[in-house]
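*Asks:* structure of the sequence below:
(one chain, ligands or ions: 1)
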Amino acid sequence: MTTTEQLLTLQEAADVVGCHYQTLYRRVRSGELNALVAGGTYRIRSSDLDAWLSERDARKGAVPQRSAHNWSKLVDKLFDVLIAGDSGAARQQSQRLLDGGATVADLCDRLYGPTLTRIGALWRAGNLTVAEEHRASRIIEGLLEHISSRSSKTGPRVGCVVVASAVGDRHSLAAQMVSAGLHVDGFRVSYLGADLPVGEIVQMAEREQADVVALSCCVEDRSGISQALSALAAADFLTIVGGTGIGRTEALELGATRYGASINEAQVLARELVRSRVS
Ligand code: B12
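*Replies:* Next up is the predicted model:
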């Protein structure tokens, strides 16, 4: 359930649900979905939409369906609320998407990642200030904390993964996304943040008896990631590397066990590597 009440247009509500707006229009006309009339158009309270979605899912007797969300519109919307510094609206958007069947990996790969990429391009072009970028990054950090705390598989953990960005790389958000994705997928995750000295990563992996170490790389400088991969290989750890700063071929040449281009892939690869250790 959302905490801050918002009035959505039919199109906005349809984007959340992942259907055509006329589908919702018909539901409103039939009385199935509550709506107000404001300024001559229908507006739907977020709480009414939540209630309707819950009832719909209960009727289906199933977990919410994955829906064909209009991700590019959702990116536009998140971009606007991040630039406005509206963390409440950002959280509400993520919450609704999760309620509507999107996964944490979907949010990272299709919403947060592309929005940050847009922010990075505008920042580089001098069209956004550092303060705007920092505020947006901080809001995404909060969203990641929120979505990973609200949705995790129950039962025994499927394996342990240590996640970090290596020394010299101050980008933590992608590593935090990997952590969130693995946490909700049932892994025990030790998230170490960014700019981590190589010895610290190895020490934590040993202490936690990690099955896998996942490293994110957002910078061109290879010294940190290459030292980390060498030290982890020497200590016999399996590794997954990803991130906007490095490609598959290079990551594998530097000694990564696997390379992944998304949070969805991080989940698949971590499972595969954990299984390979137990078999
Ligand atoms: C936010 C940001 C910052 C923030 C970071 C805040 C934080 N807490 O993380 C701050 C201000 C610290 C920062 C600093 C700098 N930044 Co910066 N930053 C960004 C920005 C806007 C977003 C980064 C981000 O989080 N992206 C979102 C992630 C999710 O995207 P992603 O890496 O592609 O990750 C996806 C996949 O690759 C995959 N994935 C990622 N990691 C992993 C790991 C595994 C194991 C797997 C399987 C998958 C996976 O899943 C993710 C989701 O789909 C980017 C723009 C961009 N294009 O990304 C620039 C960007 C990364 N930064 C850049 C630069 C140049 C810098 C600075 C050098 C700027 C400066 N002059 O000081 C410094 C670097 C300092 C340092 N030594 O690290 C460049 C990097 C160019 C390059 N390749 O070297 C970029 C691309 C901006 C640009 N267009 O020029 N930055």
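
*Asks:* quick check, Ala164 in a strand?
*Replies:* Yes: the assignment for Ala164 is a strand, going by DSSP: H, G, I helix; E, B strand; the rest coil.

*Asks:* quick one: residues contacting it.
*Replies:* Ala175, Tyr191, Leu192, Gly193, Ala194, Leu196, Ile201, Val213, Ala214, Leu215, Ser216, Ala228 (Cβ atoms under 8 Å, 6 or more residues apart in numbering). All C-beta atoms are positioned from the backbone trio N, CA, C, and that covers glycine.

*Asks:* out of the residues you listed, list just those in helices.
*Replies:* Within these, residues falling in helices by DSSP state H are Ala175, Ile201, Ala228.

*Asks:* now rank those by neighbours and give me the top one.
*Replies:* With neighbours taken as other Cβ atoms under 10 Å, the top of the ones in helices among the contacts of Ala164 is Ala228, carrying 31 neighbours.

*Asks:* for it, give me its contacts.
*Replies:* Applying Cβ under 8 Å, 6+ apart, the residues near Ala228 are Ala164, Ala166, Val167, Leu196, Val198, Ile201, Leu215.

*Asks:* one more: Gly142?
*Replies:* Ser87, Arg91.

*Asks:* cool, and the one 5 residues further on?
*Replies:* Contacts were defined as Cβ under 8 Å, 6+ apart; by that measure Ile147 touches Ser94, Leu98, Val104, Leu107, Ala180, Val184.

*Asks:* which among the contacts of Ala164 end up buried?
*Replies:* Buried members of the contacts of Ala164, counted by 16 or more other Cβ atoms under 10 Å: Ala175, Tyr191, Leu192, Ala194, Leu196, Ile201, Val213, Ala214, Leu215, Ser216, Ala228.

*Asks:* closest to Gly31 among the residues you listed?
*Replies:* Tyr191 (47.1 Å; Cβ to Cβ).

*Asks:* show me what that closest one bridges to in the sheet.
*Replies:* With DSSP bridges as the criterion, Tyr191 is bridged to Val163.

*Asks:* so it makes contact with Val161?
*Replies:* No: with contact defined as Cβ atoms under 8 Å, Tyr191 does not reach Val161; the gap is 9.1 Å.

*Asks:* in PyMOL, select just the buried ones from the contacts of Ile147.
*Replies:* Filtering the contacts of Ile147 down to the buried ones (16+ other Cβ under 10 Å) takes a single PyMOL command:
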select buried, resi 94+98+104+107+180+184
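
*Asks:* ok, which pair from the contacts of Ile147 is furthest apart?
*Replies:* Counting by Cβ to Cβ, the most remote pair of these is Ser94 and Val184, 12.8 Å apart.

*Asks:* what's around Ile83, how many residues?
*Replies:* 16.

*Asks:* might one say that it is in contact with Glu133?
*Replies:* No: counting by Cβ under 8 Å, Ile83 stays clear of Glu133, with 9.7 Å between them.

*Asks:* shared neighbours of those two, anything?
*Replies:* In contact with both Ile83 and Glu133: no residue, using Cβ under 8 Å, 6+ apart.

*Asks:* rewinding a little: so can I have a markdown table of the contacts of Ala228 showing distance to Glu32 and pLDDT?
*Replies:* Compiled in a markdown table, these are given as follows (distance: Cβ to Cβ, whole Å; pLDDT from 0 to 100):
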| residue | distance to Glu32 | pLDDT |
| --- | --- | --- |
| Ala164 | 49 | 98 |
| Ala166 | 53 | 97 |
| Val167 | 56 | 96 |
| Leu196 | 52 | 96 |
| Val198 | 58 | 96 |
| Ile201 | 53 | 97 |
| Leu215 | 49 | 98 |
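
*Asks:* by contact count, what packs against the helix or strand containing Val81?
*Replies:* Using DSSP states H and E, Val81 maps to helix 71-83. Packing partners of helix 71-83 (3 or more Cβ pairs under 8 Å, 6 or more residues apart in numbering; DSSP states H and E): helix 10-17, helix 87-99, helix 113-124, helix 130-150.
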